[in-house]
Each structure stands twice: as structure tokens, then as C-alpha cells.
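Participant: When you get a sec, could you give me coordinates for this:
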Amino acid sequence: QLQLVESGGGLAQPGGSLRLSCAASGFAFEHHSIAWFRQTPGKEREGVSCINVKGDSPIYADSVKGRFTVSRDNAENTVYLQMNSLKPEDTAVYYCAADLHYFCQGYVPDEYAYWGQGTQVTVAS
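Facilitator: Reported below is the predicted structural model:
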């Protein structure tokens, strides 16, 4: 069964950290770039970060550059998003998504074939 399952969301204080995980099963994870998106009510889904198949060419949205780090463990079929120096505006539901390209192609949601169910991140004092 094809699955992407996010975990690690929760409540964090401004300036704090959270680590999200995206566990994949049921498809050739090692052949897919994996992106993180986030969405708040009434807004379009926003691309946050993406990591290519080998894991050596990550990309980041300007809003998270220098604060978030994406990594992947192909042996464990898992991608991580380490989020530091969190801000209230980082509050959103975070989704991971898979795209059958060696390198990240950007953040057009329709380009991603598989999606997780999302995990809520709330940054508040």
C-alpha cells in the first residue's frame, strides 16, 4: 500500500524547534524527490523545501532558508525536516509529497504524485 506518513508536528514556542518526519512505503522512494509543503486556512499550499534523490541538492523557500534543514535516509525510506528558530508565521499543516524526478523541480503541487495526510505545526507562546 502506497503511503507517505508525516509525524513530529505539535506546539512549539517562538524560537523553538521541531523535527518532522515523512515515512514512505509502497513505492520506489529512492527514485523520488521529496518536498515539504505547508498550508494555512484560506491560503494556497506553499512549498517549503525539497530534497533530491541523492540528498545532496536541497532547496528552500526564502521564508525558511537558514532556519530549516531537510535531509533523507534512503535506507529508512524517510525524509526529515528540522525546523529551528520557529516563528508564529510557520504555523500551518505540513505535508510531504513525492515526485518522480532525480532533482527537485519546484513547488507546483500538481507535479507531485503522492501526498501524506499532513501534520499540524503550531508556533505560539
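Participant: from here on, contacts and neighbour counts on C-alpha atoms
Facilitator: Will do.
Participant: Who are the contact partners of the residue nearest the centre of the chain?
Facilitator: Taking CA atoms, centre = their mean, the centroid of the chain lies closest to Trp36, which sits 2.3 Å from it. Listed by CA atoms under 8 Å, 6 or more residues apart in numbering, the contact partners of Trp36 are Gly47, Val48, Ser49, Cys50, Leu81, Tyr94, Tyr95, Cys96, Ala97.
Participant: Next step: those residues restricted to strands.
Facilitator: Those of those mapping onto strands are Gly47, Val48, Ser49, Cys50, Leu81, Tyr94, Tyr95, Cys96, Ala97, per DSSP state E.
Participant: who does the last one bridge with?
Facilitator: I take that to be Ala97. Under DSSP bridges, the beta-bridge partners of Ala97 are Ala35, Trp115.
Participant: ok, it to Ala75 distance?
Facilitator: Ala97 sits 18 Å away from Ala75, going by CA to CA, to the nearest Å.
Participant: So between the two, which is more surrounded?
Facilitator: Ala97 (26 against 8; other CA atoms under 10 Å).
Participant: for the more buried one, what are its contacts?
Facilitator: So, once contact is read as CA under 8 Å, 6+ apart, Ala97 ends up touching Leu4, Ile34, Ala35, Trp36, Phe37, Tyr112, Ala113, Tyr114, Trp115, Gly116.
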